[in-house]
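In: Return a 3D structure for these sequence lines:
(chains A and B)
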Amino acid sequence: MLELRKDLFADERDDDLKEIGKGTQRQDMLGHVTGTSTYFNDHLLQGLLHLKVLRSPHAHARIRRVDTGEAERAPGVRRIIRGADVPRNLNTLLSLINFGKDDEPTLAVDKVRYKGEPIVAVVADSPREASEALAKVRVDYEPLSAVFDVEEALKPGAPVVNETYPKNTFTYHDIYDHQKLRFGDVERAFAGADHVLEQRYQMSPIEHAPTETNGAIAAPDTNGRYVVYTSTQALFFSLDTCAKILDVPSNTFHFIGGTVGGGFGGKVDTLTEPLAILGAMLTGRPVRYIFGREEEMQFGPPRGAERIYLKDGVMRDGRIVARQVRAYFDSGAYTRLSSYAVVKCVAHLPGPYTVPNVHGDVYCVFTNRTPATAMRGFGVTAMDFAIECQMDKLAHLVGMDPMEFRILNAYRDGDMKAHRREAKNTALIECVQVAAEKAKWPLREDYKRMSSRRDGGGDRAAVPPTARDGSVSSRLATQQRTPYDRAPQPAAGPEPPRPAPPPVTPPPAPQPAAHGAMRFSSVFGSRRR
Amino acid sequence: MPVTVKTFGTSGEAAAALSSERDARYLGGGTLVMRALNEGDVSVSTIVRATDRALAQLDATGSRITIGAGVTFARVLAERSLGFLHPVAGSIGGPAVRNMGTIGGNLFAPAPFGDFAVALLALDASVAVQGAYGARDMPIEEFLSGRSRQADGLVLSASFQRPLSDDAFRYRKIARVRPKGAAVVTLAVHVPSSGGRAVGVRIALGAMASTPVRAKAAERTLEGHTLDAASIAAAVAAAADGTAPVDDALASAWYRREVVGVHLRRLLTGQA
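Out: You can find the predicted model right below:
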């Protein structure tokens, strides 16, 4: 049962909430429970054609030849669609916000990079005829060695998954192969810590498994427009993506959605709409493209798998003095949204705790696995799982109660976060106290009295001297900067001598801060209005 | 080519249609065939059905039990005299699958499905098959080992001796998801005892090969012995002998081989 703890921070808030804490009936509930909600697949238009795609049986292979001759002559077939028929057969989802390079074809042309990648689409009078025609398409593959492990993919000589990113890592700010966070000096802190604990955490891909599989129905409309019924979770995002791929103005489309039969992040990749619309453009008929259940499970994008290494230094009294994070996000064969997941993850380090020395390196890695996508807090959820497992282990290591250990290390107002921003509106201590109370978990009196508003700042507000790791990467001439950075800060303390940078091509001029993806808000909840 | 549905009044006609038409598949409850069609399996172009009521007959009154191929799992669950098979039928699918899925179809269910067939294998059932040249009974083991070649015959029923005691037949399905999970491994054992010694021991395993298989090495260690710690330990050690499990989304072959003995021990010692 929902309980609003209005007693906490009551003086900071006008008690005039109109919705939160009040029972509200979902506007779509009546339709759902009476079975009258219409989904995209309820628009079975007259003359509807059915589109199915041929998928790669190989995780990595060169396509030598595709023979669709027999399939074209198969009964009921209206149209075979190949990569060459797609006006702009290369896209990346976040190009709409100017983040990342176009790296993924709608239909593979020269190479397949994951098992299940679409190669040929067939539009036919019936699903059965489309399936029969697909069985007649002949593809001559040259299998290539594949890489399925994020760390193997980064080794020299690893197969190049995606030629757009030949190092198998997403490129940030046009030059960086990962996202960095540097705050203080973890090595020195480890040397002075009473305990150092290093652990490895490996996540698995998770399929969203929506009841309604991904799909769309596109139909020619008047004035050269197309009406598109879709399961998408991101209607205008999908619309603009289709306009780009099909190279038409976005007002060509009338997207109708809104009722999503389960999404959770698995219906933002715009996988079915472009081909359904293209099918309608090429045949002049309504076209439906819907994933089968096996397609949804096997080839629908999952939550990405992350490999996370955490190394923490902790003192006997329970203070965490250093946290070093090395993480590899498995993006699969294409970027989709994993590049953004990495940015979110680094913004979240070192978790909601005040740690004076933090060191983070997070990579978005390409492998020959199904491309990963959004799912419920992606980028943060897995890292939090690892961090909180680590917190329990650290508490055990120093013989502290795990709840009290969290309270001790939690952010407080006025503390300096690893991103050099002051912690404000912090509330973790109160959350843990309430959770302990609800769970009847005993806390000592002094921990029950601790507050997010007291004992923060001061020494905890200091920005520690931070070493530059200039010799680590020859390409990394300066510390990474984000649009958040204020004026360049002079390196505190004497700068360690660095070898003269080898001649490299100068990085392109920094782009204006138009990267929408960089404009995330704080990932921690605000307690103020 | 659209899919053709042919419905016959007798199992004989249906069997004839199955053997005369290539790409014909018999539809029992449809839980396997309709799934294949919905997923775009173009190897099936004719669906054969039979309305023969004999297929849905269930004779569980005497010591010899005969279950028609068209009997559903829900029907087994509703039959009080088949209480020893209720854990088996109840472990398959959810209510929708149990309402439609049939005993005959389960004999064809590929691993990791086919839990009822595991039980029938442990019960030494015989399977009545109607072929192009008449009906014949065959031991279930022979039926399963030649299953891929049985597609042109029609299973009519399965029959077996009722276990002498409730305790003699034991069943255990290991799934990661409950309810409705498919098997990591399924075990059914029939241990009739005579004078305290096990006689005619049958141990059947599901998801340990492409079809349900008997753990014959483990059976031999128990045969003629009392179920004591030593004989059980020997059976456990031999449990995975002769099996050929595969890696799938539920478990690796290695894991299946590792745990099958653990579950066999629990089943034989009556542990939860």
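In: Where do the helices of chain A begin and end?
Out: With helices called from DSSP state H, chain A shows them at A:29-33, A:69-72, A:127-134, A:150-153, A:186-192, A:235-245, A:273-283, A:293-298, A:338-348, A:381-398, A:402-409, A:428-438, A:445-449.
In: Which neighbouring elements make contact with the last one?
Out: The contact analysis (3 or more Cβ pairs under 8 Å, 6 or more residues apart in numbering or on different chains; DSSP states H and E) places helix A:445-449 against helix A:402-409. Quick note: C-beta positions are derived from backbone N, CA and C, even for glycine.
In: ok, A:R113 to chain B distance?
Out: Counting by Cβ to the nearest Cβ, to the nearest Å, the gap from A:R113 to chain B is 22 Å.
In: Can you name the residues that contact that residue?
Out: Residues near A:R113 by Cβ atoms under 8 Å, 6 or more residues apart in numbering or on different chains: A:59-60, A:161-162, A:333-334, A:368.
In: And stretch A:131-143, what's buried?
Out: Within stretch A:131-143, the residues that count as buried by 16 or more other Cβ atoms under 10 Å in any protein chain shown are A:131-134, A:136-137, A:139, A:141.
In: That stretch: end-to-end distance?
Out: From its first residue to its last, stretch A:131-143 covers 24 Å (Cα to Cα, to the nearest Å).
In: Show me what the residue lying closest to B:F143 once chain neighbours are set aside is bridged to.
Out: Leaving aside its chain neighbours, B:F143 sits nearest to B:V127 (4.5 Å; criterion: Cβ to Cβ, 6 or more residues apart in numbering or on different chains). Beta bridges link B:V127 to B:M138, B:A158 when assigned by DSSP bridges.
In: what about B:V127, how many neighbours?
Out: Other residues lying near B:V127 total 26 when counted by other Cβ atoms under 10 Å in any protein chain shown.
In: shouldn't A:V139 be in contact with A:E117?
Out: No: the pair A:V139 / A:E117 is not scored as a contact, 11.3 Å apart, by Cβ atoms under 8 Å.
In: I'd like to know the phi and psi angles of the nearest residue to A:G414 once chain neighbours are set aside, please.
Out: Leaving aside its chain neighbours, A:G414 sits nearest to A:G457 (2.7 Å; criterion: Cβ to Cβ, 6+ apart). When quoted as degrees, to the nearest 10, the phi and psi of A:G457 stand at phi 70, psi -150.
In: contacting residues around A:G457?
Out: Counted by Cβ under 8 Å, 6+ apart, A:G457 has contacts A:412-415.
In: on that earlier part again, chain B: which of the contacts of A:R113 is nearest?
Out: The nearest member of the contacts of A:R113 to chain B, counting by Cβ to the nearest Cβ, is A:A59 at 15.4 Å.
In: A:N368 is in contact with that closest one, correct?
Out: Yes: between A:A59 and A:N368 there is a contact under Cβ under 8 Å: 4.2 Å.
In: neighbours around residue 149, how many?
Out: Using chain A here. A:D149 has 15 neighbours, counted by other Cβ under 10 Å.
In: actually it's chain B I care about, not the one you picked
Out: As a burial measure, B:R149 scores 8 neighbours (other Cβ under 10 Å).
In: neighbouring contacts of stretch A:252-264?
Out: For stretch A:252-264, using Cβ under 8 Å, 6+ apart, the contacting residues are A:28, A:31, A:37-40, A:208-212, A:221, A:224-233, A:235-236, A:238-239, A:242-243, A:246, A:267, A:273, A:277, A:375-376.
In: quick one: buried residues of it?
Out: Residues A:252-253, A:255, A:257, A:259-261, A:263-264 are the ones in stretch A:252-264 that count as buried (16+ other Cβ under 10 Å).
In: Out of those, which sit inside strands?
Out: Among the buried residues of stretch A:252-264, the members found in strands (DSSP state E) are A:253, A:255.
In: hmm, which two among the buried residues of stretch A:252-264 are most spread apart?
Out: Greatest spatial distance in these: A:T252 and A:F264, 29.5 Å, computed using Cβ to Cβ.
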